[in-house]
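**Student:** Quick one, fold the following:
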Amino acid sequence: MPADTGIEGRDQAPSEVRVAGEVEELERRFQELVDADQRIEPRDWMPEGYRRTLIRQIAQHAHSEIIGMQPEGNWITRAPSLKRKAILLAKVQDEGGHGIYLYSAAETLGVSRDELVDLLHSGRQKYSSIFNYPTLTWADVGAIGWLVDGAAITNQIPLCRCSYGPYGRAMVRICKEESFHQRQGYDILYTLARGTPRQREMAQDAVNRWWWPSLMMFGPPDEASQHSAQSMAWGIKRHSNDELRQRFVDVTVPQAEVLGLSLPDPEIRWNEDRGHYDFGPIDWDELRRVVSGDGPCNRQRMAHKVAAHENGRWVREAALAYEAKLEAGYKRGARASGRAA
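**Tutor:** As a prediction, this is how the structure comes out:
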């Protein structure tokens, strides 16, 4: 017969009540830290939902940095000058570094990088939909830098204050480097917009194709977002999807005017009452198609990623074998030192 717990309507052992009470207290202390803008560190207690949410978000971010090397890497050998080639090469290398920082942050939550890569390759984790669009001309590199990296900065600067310490600290360096990336893209478009009529046409075409996907980067509208409310309550996110999207539009419209390029939305206009720019409706059906795997380059991006991973297997195996060899040498040396003593 179950022990009398003193809780009406429950058949629960006293130890279970104690454990449940301890969990409630831990949750209360956790939320107090978050509400006080304190950082949660890897050894701190955290709700399982918080840990899972961080793993999902950080992993998707890391995957996006790695997959995001492909569209621009496509233009390294075709950049119009040695200077542009060197800058683009540095940028693509930065993106790879960002992925490594983020995988390392995810590993502090008890998941391995190999697990995360396997989840991506098997389709159980995703990356940003923006990287499933093709880079057709050199101007696309400029549009990615100005619009895509600009959207990323808008989204990621608040993450520097993320409640989870390793993620927030990784974002500080990433955001500094993304600022360089955004400036590089803006400079490319500024140069093209003041070049020949063909160059200007190429720049405008790239902006036309990348504008709407860039707005989709912030995720679905607030009323359709599954994770935003809880992520904000936990201090992982600081602003909603729609707030960040509006902030991006407000910053980008004046920049387009300086470039002398138009944004492909006839409904963009300043709203004096709101103190923001109004803009037209987003095609959320397109976002759903791309996220579900039916974008222009989904299959190409994943096939390239999986092939690169498999082609690099021998390097990983050689590094592990060398590490094992060194460790065995250290152990032999330690034993010899012990006998000599």
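**Student:** From the contact counts, what lies against the host helix or strand of residue 248?
**Tutor:** Assigned by DSSP states H and E, residue 248 belongs to helix 241-259. The elements that helix 241-259 packs onto, with contact taken as 3 or more CB pairs under 8 Å, 6 or more residues apart in numbering; DSSP states H and E, are helix 149-156, helix 165-193, helix 197-216, strand 276-278. C-beta coordinates here come from the backbone N, C-alpha and C atoms, glycine included.
**Student:** now those in JSON lines, with distance to residue 70?
**Tutor:** Listed next are the helices and strands packed on helix 241-259 as JSON lines, based on distance: least, CB to CB, whole Å:
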{"stretch": "helix 149-156", "distance to residue 70": "15"}
{"stretch": "helix 165-193", "distance to residue 70": "15"}
{"stretch": "helix 197-216", "distance to residue 70": "15"}
{"stretch": "strand 276-278", "distance to residue 70": "32"}
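**Student:** and the ones you listed, which is most packed in?
**Tutor:** With neighbours defined as mean count of other CB atoms under 10 Å, those peak in mean count at helix 149-156, which reaches a mean of 23.
**Student:** If we ignore the residues flanking it in sequence, what's nearest the residue minimising distance to the centre of the chain?
**Tutor:** The residue lying closest to the centre of the chain (CA atoms, centre = their mean) is residue 61, at 2.4 Å. By the measure of CB to CB, 6 or more residues apart in numbering, the closest residue to residue 61 outside its immediate chain neighbours is residue 102, 5.2 Å from it.
**Student:** For that neighbour, the count of nearby residues, please.
**Tutor:** For residue 102, the count of nearby residues is 27 (other CB atoms under 10 Å).
**Student:** The one 5 residues further on now?
**Tutor:** As a burial measure, residue 107 scores 17 neighbours (other CB under 10 Å).
**Student:** Tell me the spacing between the nearest residue to residue 217 once chain neighbours are set aside and residue 262.
**Tutor:** Excluding the flanking residues, the one nearest residue 217 by CB to CB, 6+ apart is residue 151, at 4.6 Å. Separation of residue 151 from residue 262 (CB to CB, to the nearest Å): 18 Å.
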